[in-house]
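*Asks:* Got a sequence here, can you model it:
(2 chains, ligands or ions: 2)
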Amino acid sequence: MTKIISTHSFRGGTGKSNVTANLAAVLANRGYRVGVFDTDIQSPGIHVIFGLADASVRYTLNDYLWGNCAIEEAAVEVYKAPKGGVVYLVPSSIDPNDIARILREKYDASDMHAAFRDLITALSLDYLLIDTHPGLNEETLLSIAISDSLVIILRPDQQDFQGTSVTVDVARRLRVPEVNLIVNKVPPEYDFADVQRKVERAYNCQVAALLPLSIDLAQNASATVFTLIRPDHPFSRGIESVAQQLEADVALMPA
Amino acid sequence: MRQPMQWVRGSIYRALLLAFIAVSVVPIVLISYLFIRQSMDALTRQTEENLQLLAASKAEEINLKLGDVMHSTVVAAHLAAEALQHPPDPASQLARYQQDARGIWGLDVYYHAQGGAAALGEDLSNVYWTGAAGTPLLAADDAVAQQILQTESLDTVFAGIKSVSPDTQWIYLTTPTGMMRLYPWASNDHYPDQWDPRQIVFYTVAEPGNNPALQPRWTAPYVDYAGAGWMVTMSVPVLGDNGDFLGIMSHDITIESLKQIALGINILDGGGYGFLIDSAAQVIAHPAYQEVDATKGTEEDASLLAVGSDAYRRLIQNMVHGDSGLGYYDEAGGGGRRGGSSLLVYAPIPETGWSLGISMPRETVIAPAIAMRNRAIVITVTLVTVAVIFAVVLSRLIHKPVRQLLQGVQQIAEDRRADEVHVGSFEEFDQLAQAFNEMASKVWERERRLKARMAEMRIEIDSQRKQQQIDSIVETDFFKRLEANARQLRSQVKGLPAATD
Ligand SMILES: Nc1ncnc2c1ncn2[C@@H]1O[C@H](COP(=O)(O)OP(=O)(O)O)[C@@H](O)[C@H]1O
Ligand SMILES: [Mg+2]
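*Replies:* Ligands and ions are numbered 1, 2, ... in the order given. I've put the predicted structure just below:
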């Protein structure tokens, strides 16, 4: 049974793409076949983290939505784990014309769902990770709706607190089976246990990890999958623990 | 087990302490050791030299006394030669000399004239000669009678010598005829029958047959026949103007005063003693041989070559050879009056071939050196103690700031406010402490601000706005449709059979 996980945040720049990419790599390291969709069509970014050069991209998610290719043709193997796990990425086009066209023409939501379904089948995926566009537009709501697990990423600031409360409520209405919060960019001086307690109480929702605001990560500037080069870093250990919790939750799911 | 180097490197305090001790205590101990060794040797040598000087001066004192005796005897011998080469004084009366019942000629009539009733042989005589028995009177031209008369003048010479020489016991002339003239006068009854002075050592020692060079000769010490104790005799050949042998002039002295010179050596409260031996190693004077005096005539047993350890005997041998010097010996084997190692210094008495020795316990010899060493040890220990205290204080002084800073850092690590570090010593440490204090207070200030901010981290959610935002989403037809189909959509995506809520 494939587990579909959406990562979402109310605002941009919370570290959504980074968390998604690292999570994918960690799951692959645990031996899973992982597919990643960059559904942030308006501001794609995750391909950079996987080091995907423009030249090596033949088809994008855009091409699929326009009927130019099969979805597996748009999937690129971006990481192969030593233990046999693998990460496939379906990137969004970064061509400004393509972005403008897709925003103008819209696309059929069921096409996106078909893309998920086809890729799951074609590549026999264990996990499907969807990197969403921030905010709650219709496309994002569609992604959230079909997710087994929603990971909401927030920073410890008032705007994120407000926005996250809306997302959590909406996800509950859509009966997403699992909702996890990740508090990212927590200043290291903070009392992590205290922050976790406060966040869990405010949203009545499990916090999967608190990831420290890290100069190392900022310097990495999304250039590589950080976990793979710094597996012992507190950020990496946080991601590892998220992966562990998501993995455990699989067992709770009905067959 | 920890290695010693690790133990030292484990703590700056230990390393400093060890370093300071190494640069102070080690040289002190080394220098003291060398100084003590050098000075002990020097002081011991000094004591040995002093003792040698003492022995030499005492030997010289004895030698001078013996020399005086020799000279007076030589003078007497000259006067005797003079007398024997001239005719007797016409006033001299041969009749004064008579023979006693044993046939011994002596001065008798003279005495009768003086004292009256005394029997022959009971009176004192200045002459001894054993002649043929029954001869009533010597012939005037008899050689012996001539000599008796010729030498009468010597009575006053002898008396003069004895009056200035307290050690002089007898002074006497013996001629080759066996006539003996002696002072002070003595009773001839003491002499055994047929006693012949020419057979006795005072004569034989110097007679030409035994003394071809005709030199003055000393006898070995002996016990006086007449009961005057230990004696020694100087014998000088009496020679005529043409070198004829005319007799032997002998001079007996008691050696009591010479013994006292040796026995009187009493240095350092009886720690050492002096002794005197003759050229055959026979004891003349020795504190351990006082009984030799008491039992006169046992001197045969009193040779120091027959007693003591090998080392002791070697030294006595040197003394017999007339050497001067010193050496250590062990008295355990005897030859001394106490056990243990002793020093023997000795000096010769050339006049008689005797030797004077001074024995001294080794401890006494090295006592000044030991005293000096003990003082040096006390000074060294004091210096070492001061150095160690100094090392400890200095190490602490350097170590203390490090410890204080460490404590401050630990306090910061434990989220406490670090105590201000105050360092009285070393300007570098002072600067470090100031820098640390500044840093600590800044860290504390920042911590405080952060904590304050964290305490402020409140999650405030504007529920009205939230509701508006939610409503604007959920009240759309799109959302309502989505809400209704969500589960089904999820199944579809996974390729599962459609399910309904
Ligand atoms: N824990 C972190 N500490 C420091 N920088 C972070 C951290 N997480 C993410 N970033 C940085 O934040 C920026 C935005 O991250 P990204 O993953 O692109 O966010 P999003 O996809 O939500 O816009 C990137 O430059 C990334 O390197
Ligand atoms: Mg992104």
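*Asks:* Retrieve the pLDDT associated with the closest residue in space to B:Pro287 that isn't next to it in sequence.
*Replies:* Closest residue in space to B:Pro287, ignoring its immediate chain neighbours: B:Tyr273 at 4.9 Å, by CB to CB, 6 or more residues apart in numbering or on different chains. C-beta here means a position set from N, CA and C on the backbone, and glycine is covered the same way. According to the prediction, B:Tyr273 has pLDDT 89.
*Asks:* show me the contacts for A:Ile229.
*Replies:* A:Ile229 is in contact with A:Asn220, counting by CB atoms under 8 Å, 6 or more residues apart in numbering or on different chains.
*Asks:* Can you give me the pLDDT of it?
*Replies:* 95.
*Asks:* I'd like the distance between it and ligand 1.
*Replies:* Distance of A:Ile229 to ligand 1, given as CB to the nearest ligand atom, to the nearest Å: 13 Å.
*Asks:* got it, and B:Ile459?
*Replies:* Taken as CB to the nearest ligand atom, the span from B:Ile459 to ligand 1 is 19 Å.
*Asks:* Can you check the pLDDT for residue 65?
*Replies:* The chain I'm using is chain A. Looking at A:Leu65, its pLDDT is 93.
*Asks:* ah, I was thinking of chain B
*Replies:* pLDDT recorded at B:Lys65 is 93.
*Asks:* now the one 3 residues further on
*Replies:* At B:Asp68 the predicted local confidence, pLDDT, stands at 94.
*Asks:* Contact partners for it?
*Replies:* Listed by CB under 8 Å, 6+ apart, the contact set of B:Asp68 reads B:Ser165.
*Asks:* Likewise for A:Ala21?
*Replies:* A:Val36, A:Ile46, A:Ile49, A:Phe50, A:Val225.
*Asks:* and the next element down the chain from the one helix or strand A:Ala24 maps to?
*Replies:* In this assignment (DSSP states H and E), A:Ala24 forms part of helix A:16-29. Once helix A:16-29 ends, the next helix or strand along the chain (criterion: DSSP H and E) is strand A:33-38.
*Asks:* B:Phe158: what secondary structure?
*Replies:* Of the three states, B:Phe158 takes helix under DSSP: H, G, I helix; E, B strand; the rest coil.
*Asks:* isn't it right up against B:Tyr183?
*Replies:* Yes: the criterion here is CB atoms under 8 Å, and B:Phe158 meets it with B:Tyr183 at 3.3 Å.
*Asks:* and the helix holding A:Ala24 with strand A:33-38, angle?
*Replies:* Taking axes from the mean of the first three to the mean of the last three CA atoms, to 10 degrees, one finds helix A:16-29 and strand A:33-38 inclined to each other by 170 degrees.
*Asks:* what mean pLDDT does helix A:16-29 have?
*Replies:* 96.
*Asks:* number of nearby residues for the residue nearest to B:Pro287?
*Replies:* 24 (other CB atoms under 10 Å in any protein chain shown).
*Asks:* Likewise for A:Asp98?
*Replies:* For A:Asp98, the count of nearby residues is 18 (other CB under 10 Å).
*Asks:* Return the residues in contact with it.
*Replies:* A:Thr60, A:Asn62.
*Asks:* coming back round to it: could you confirm whether the helix holding A:Ala24 reaches ligand 1?
*Replies:* Yes: Helix A:16-29 reaches ligand 1 (CB under 6 Å from any ligand atom) through A:Lys16, A:Ser17, A:Asn18.
*Asks:* ok, back up a step: mutual contacts of B:Phe158 and B:Tyr183, please.
*Replies:* Residues touching both B:Phe158 and B:Tyr183 (CB under 8 Å, 6+ apart) are B:Ile171, B:Tyr172.
*Asks:* Comparing the two, which residue is more hemmed in?
*Replies:* For B:Phe158 versus B:Tyr183, neighbours defined as other CB under 10 Å are more numerous around B:Phe158 (25 against 21).
*Asks:* And the more buried one, what's its pLDDT?
*Replies:* So, for B:Phe158, pLDDT stands at 95.
*Asks:* Give me the distance between the residue in the stretch 201-350 of chain B positioned nearest to ligand 2 and B:Arg481.
*Replies:* Proximity of the stretch 201-350 of chain B to ligand 2 (CB to the ion) peaks at B:Ser341, 104.1 Å away. Plainly put, B:Ser341 is 126 Å away from B:Arg481 if you go by CB to CB, to the nearest Å.
*Asks:* Could you do B:Tyr289 as well?
*Replies:* 147 Å.
*Asks:* okay, the two: which has more neighbours?
*Replies:* Using other CB under 10 Å as the criterion, B:Tyr289 and B:Arg481 rank with B:Tyr289 on top: 20 against 10.
*Asks:* Skipping its backbone neighbours, what lies nearest the more buried one in space?
*Replies:* B:Tyr289 sits nearest to B:Val283 (CB to CB, 6+ apart), 4.4 Å away.
*Asks:* The one you found belongs to a helix?
*Replies:* No: applying three-state DSSP, one finds B:Val283 to be strand, outside a helix.
*Asks:* Model confidence score at it, please.
*Replies:* Here, the pLDDT recorded for B:Val283 equals 87.
*Asks:* What helices and strands are in contact with the helix or strand hosting B:Ile358?
*Replies:* Element membership of B:Ile358, judged by DSSP H and E, is strand B:354-361. Under the contact definition 3 or more CB pairs under 8 Å, 6 or more residues apart in numbering or on different chains; DSSP states H and E, strand B:354-361 sits against helix B:12-84, strand B:273-277, helix B:310-320, strand B:341-349.
*Asks:* Now with 6 Å, please.
*Replies:* Applying 3 or more CB pairs under 6 Å, 6 or more residues apart in numbering or on different chains; DSSP states H and E, we find strand B:354-361 packed against helix B:12-84, strand B:273-277, strand B:341-349.
*Asks:* strands paired with the helix or strand just after the first one, and their directions?
*Replies:* Downstream of helix B:12-84, the next assigned helix or strand under DSSP H and E is strand B:97-99. Taking DSSP bridges as the criterion, strand B:97-99 sits next to strand B:104-107 (antiparallel) in its sheet.
*Asks:* and chain B, what are its domains?
*Replies:* B:44-64+B:259-362, B:67-254 (automatic domain parsing).
*Asks:* List the contacts of the longest strand along chain A.
*Replies:* In terms of residue count, the longest strand belonging to chain A (DSSP state E) is strand A:178-186. With CB atoms under 6 Å, 6 or more residues apart in numbering or on different chains as the test, strand A:178-186 has contacts from A:14-15, A:149-156, A:171, A:199, A:205-213, A:249.
*Asks:* What about ligand 1: which of these touch it?
*Replies:* Checking the contacts of strand A:178-186 against ligand 1 by CB under 6 Å from any ligand atom, the ones in range are A:Thr14, A:Gly15, A:Leu211, A:Leu213.
*Asks:* who in the stretch 1-150 of chain A is up against chain B?
*Replies:* Counting by CB under 6 Å from any CB of the partner chain, the stretch 1-150 of chain A comes close to chain B at A:Thr2, A:His113, A:Phe116, A:Arg117, A:Thr121, A:Leu136, A:Glu138, A:Leu141, A:Ala145, A:Ile146.
*Asks:* Let's see that with 10 Å instead.
*Replies:* A:1-4, A:10, A:109-110, A:112-118, A:120-121, A:128, A:136-138, A:141-142, A:144-148 (CB under 10 Å from any CB of the partner chain).
*Asks:* Inside strands: which ones of these?
*Replies:* Per DSSP E, the residues of the stretch 1-150 of chain A next to chain B map to strands at A:Lys3, A:Ile4, A:Leu128.
*Asks:* which one of those is nearest chain B?
*Replies:* Using CB to the nearest CB, A:Ile4 comes nearest to chain B of these, at 6.7 Å.
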